[in-house]
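Visitor: with the sequence up front, the predicted model follows.
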Amino acid sequence: MQTDIQTKTPIPPIVRTIALLLAVSASWSAQRAVAQLSLSGRNGEKATLSALADRTAYQEGDSVRLALQLSIEEGWHVNSHKPTFDYLIPTTATIEALRGWDEPRITYPAGVLKVFAFEDQPLSVYDGEVVIDAEFEVALGTSGPTVPMDVSLRYQACDDRKCLPPVTTRTELHLSIGPGGEAVKEMPAQAATAPDVKEETPAPRRLLFFVLLGIAGGLLLNAMPCVLPVLSLKVLGLVKSSAHGRRGVTVGALATLAGIVFSFWALAAAAVVAKLAGATVGWGVQFQEPTFVVFLTLVVVLFCLNLWGLFEVTLPSRIAGWADASGGEGLAAHFMAGLFATLLATPCSAPFLGTAVGFALSQNAVTIVVIFTAVGLGMALPYLAIAIAPGSIRFLPKPGAWMNHFRVLMGFFLAAAAVWLLYVLSSQVSRERLAFVQLALLALAFFIWMRHQGGRAGPRWALAGIVGSCVVALTLAASAEAVAKTTGNPSETSHLIEWLRFDRTEAERLAADGTLVFVDVTADWCFTCKVNERLALETPEVAAVFDRHGVVPMKADWTNRDDAISDFLNDHGRYGIPFYLLYGPGAPPHLFGELINKETVVDAVEIAASRTESPAG
């Protein structure tokens, strides 16, 4: 064994002598069954490898058990032998024995699932002290006194924010051959190879964190284009209620809050039932059903016609009297407004919302209800604030003729929402069926106008026509089969980026080969997705960085139900869209937030590209 000693001053002869004696002593001790090689801190290595045999000597035909012990520096980890993603570099041991010996049987411990700053999905890793077992038999005819064996371990070290290039660490083991061998008493034991288990986190603190995220996400939903028209109408209703005093404002705000929270409870219950039944769960997945899209379109059209003054909802006399006693528009109207606001909010996503809902849908039923309640309370916070301080209404314009004009204006916004819903439906049903649904909506508007005009037969036949139009529209949707996109490739409708249809296997293969892959999970019913695509993705800056670094862009269309895309989202801890992911070699995929900008995408690609272009050392 040679030992290189580097110093800044000349080495005295006595030191050289001591160093030589130490080298001879180390060489002699290597003849034993223990060999250790400390590699920490050199060439990016963050571990110490040692090998230990279970006996002091062996005879031909004896079974040998080796314990390969990897001591990983604090603050670092390595991928397990079976990493979470196929393209991640696994920890792999290799033992090179003499020619004619059988290949060793190597057993790896299970990894521990942990979440890191660069990846929300738990990764299977090793950290601390790890023992890998190897077993083999001494070949017949083997003679001593010792047999050298080279042991190597390939791994990639990462901390909470970055990964180093993969390295191979080596050590040499000398097996003593001959009689008189004794068992080694203190052999390192391997951890049980049970299924990976998640790292334990204090449940109350973690739950509180996601509750706060849910409240913040729900509050921000009010600023989304899906909800803003309803919020404006609701404030208008509260302004009208102010004519009945502070009590009318408070009761109206609380009724709206109740409608929002109740609707989120209904969503939570539906998610729990669907999860127990093994169905797809996620934020906004109900828009994958044509029947739901048509139902919501009917509701929007009815609200629109109501705002234009073509009809009013007449409640039973007892309920109407109870509602009027509360002042203003009545409890029923306020409560229904809360339900309607939640329905329109489901295709939108807001910052923090996807993280909170994704966490909830991966937990038990109680957690789902708690998080959905938090989101509902967050969305209802403006109304709660008004209920607590009803006097704040005085800062809004006083009731007057302007309110009628405002109602009509909001009606046009809801009409635009109906157009958008029909656009979503166009990706789910055939063109002929879509045309009949549109005709049914037109008939619905005609019969409502006819009923508004009055007359002898008008109201009676108009009511029958209204019901018949709704039934026809829903029947057409319920009997429709989802249609695939007419374009064979998503790139045909893009302007700057040539998108490929998403293929998970191909994406992970490309990433393993060193290619960057950007995945966009989108849907026609996802309003936030469309905004991100126009303002962040389909921009010259992003197209240029994709072209410069050879990024392969893939688009996963979730407009209609697709189990492969659902599984892909679930594997990354997400249950709603938009969802963006950047595959790259040498590191777990980079996950983006729900709202992105072109600078965020460009920076992530540049960082991933720098990892790809750096030498693997």
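Guide: Right, received. Where do you want to start?
Visitor: V138 against D62, yeah?
Guide: Yes. If you go by C-beta atoms under 8 Å, V138 and D62 touch, sitting 5.0 Å apart. (C-beta placed from N, C-alpha, C; glycine too.)
Visitor: those two: who's more crowded?
Guide: V138 (20 against 15; other C-beta atoms under 10 Å).
Visitor: strands paired with whichever helix or strand E172 is part of, and their directions?
Guide: Per DSSP states H and E, E172 falls inside strand 167-176. Partner strands and pairing direction for strand 167-176 (DSSP bridges) are strand 146-155 (antiparallel).
Visitor: off-centre distance for stretch 544-553?
Guide: 24 Å (C-alpha atoms, centre = their mean, to the nearest Å).
Visitor: ok, and what's touching it?
Guide: Stretch 544-553 is contacted by residues 497-500, 507, 510, 515-518, 520, 601-602, 605-606, 608-609, 612 when judged by C-beta atoms under 8 Å, 6 or more residues apart in numbering.
Visitor: hmm, try it at 7 Å
Guide: Residues from elsewhere that reach stretch 544-553, judged by C-beta atoms under 7 Å, 6 or more residues apart in numbering: 497, 499-500, 510, 515-518, 602, 605-606, 609.
Visitor: ranking helices and strands of this structure by mean pLDDT, which lands last?
Guide: The least trusted helix or strand in the chain, going by mean pLDDT, DSSP states H and E, turns out to be strand 34-38, with a mean of 35.
Visitor: next step: the contacts of stretch 544-553 restricted to helices.
Guide: 510, 602, 605-606, 609 (DSSP state H).
Visitor: and the pLDDT for K555?
Guide: What the model reports for K555 is a pLDDT of 94.
Visitor: the helices in the stretch 201-350 of the chain, which residues?
Guide: Remark: helices assigned in the stretch 201-350 of the chain by DSSP state H, counting those that start in this stretch are 203-221, 228-241, 246-276, 290-307, 317-325, 331-345.
Visitor: and the stretch 401-550 of the chain, by the same measure?
Guide: Going by DSSP H, counting those that start in this stretch, the stretch 401-550 of the chain shows helices at 402-425, 431-453, 458-478, 504-512, 527-532, 540-548.
Visitor: please name whichever of those helices is nearest to F568.
Guide: Closest of the helices of the stretch 401-550 of the chain to F568 is helix 504-512, at 5.7 Å (criterion: C-beta to C-beta).
Visitor: buried ones in that closest one?
Guide: Judged by neighbour count using 16 or more other C-beta atoms under 10 Å, the buried positions of helix 504-512 are 504, 507-508, 510-511.
Visitor: out of these, which one sits closest to L164?
Guide: Using C-beta to C-beta, the buried residues of helix 504-512 come closest to L164 at A511, 18.0 Å.
Visitor: which ones are touching that closest one?
Guide: With C-beta under 7 Å, 6+ apart, A511 has these contacts: 87, 517, 583-585.
Visitor: any low-confidence regions in the stretch 151-300 of the chain?
Guide: Along the stretch 151-300 of the chain, the parts satisfying pLDDT under 70 run over 189-203, 225-245, 277-285.
Visitor: one more pass at 80, please.
Guide: For the stretch 151-300 of the chain, the stretches flagged by pLDDT under 80 are 160-166, 179-181, 185-206, 221-249, 274-289.
Visitor: go on, the stretch 451-600 of the chain?
Guide: Ranges of the stretch 451-600 of the chain meeting pLDDT under 80: 451-495, 527, 570-576, 585-588.
Visitor: swap in 70 and give it another go.
Guide: Looking at the stretch 451-600 of the chain by pLDDT under 70, you get 454-466, 473-474, 476-495, 586.
Visitor: can I get the helices of the stretch 201-350 of the chain in JSON lines including distance to P109?
Guide: What follows is the helices of the stretch 201-350 of the chain, written out as JSON lines (distance: least, C-beta to C-beta, whole Å):
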{"stretch": "helix 203-221", "distance to P109": "26"}
{"stretch": "helix 228-241", "distance to P109": "53"}
{"stretch": "helix 246-276", "distance to P109": "31"}
{"stretch": "helix 290-307", "distance to P109": "47"}
{"stretch": "helix 317-325", "distance to P109": "65"}
{"stretch": "helix 331-345", "distance to P109": "46"}
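Visitor: please produce a markdown table containing those, extended by distance to R451 and mean neighbour count.
Guide: A markdown table is the format used below for the helices of the stretch 201-350 of the chain (distance: least, C-beta to C-beta, whole Å; neighbours: other C-beta atoms under 10 Å):
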| stretch | distance to R451 | mean neighbour count |
| --- | --- | --- |
| helix 203-221 | 35 | 18 |
| helix 228-241 | 23 | 21 |
| helix 246-276 | 27 | 20 |
| helix 290-307 | 11 | 21 |
| helix 317-325 | 19 | 12 |
| helix 331-345 | 20 | 22 |
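Visitor: quick one: closest of those to G180.
Guide: When the helices of the stretch 201-350 of the chain are compared (using C-beta to C-beta), the closest one is helix 203-221, at 55.5 Å.
Visitor: which secondary structure elements does the closest one sit against?
Guide: helix 353-361, helix 365-379 (3 or more C-beta pairs under 7 Å, 6 or more residues apart in numbering; DSSP states H and E).
Visitor: alright, calling it a day.
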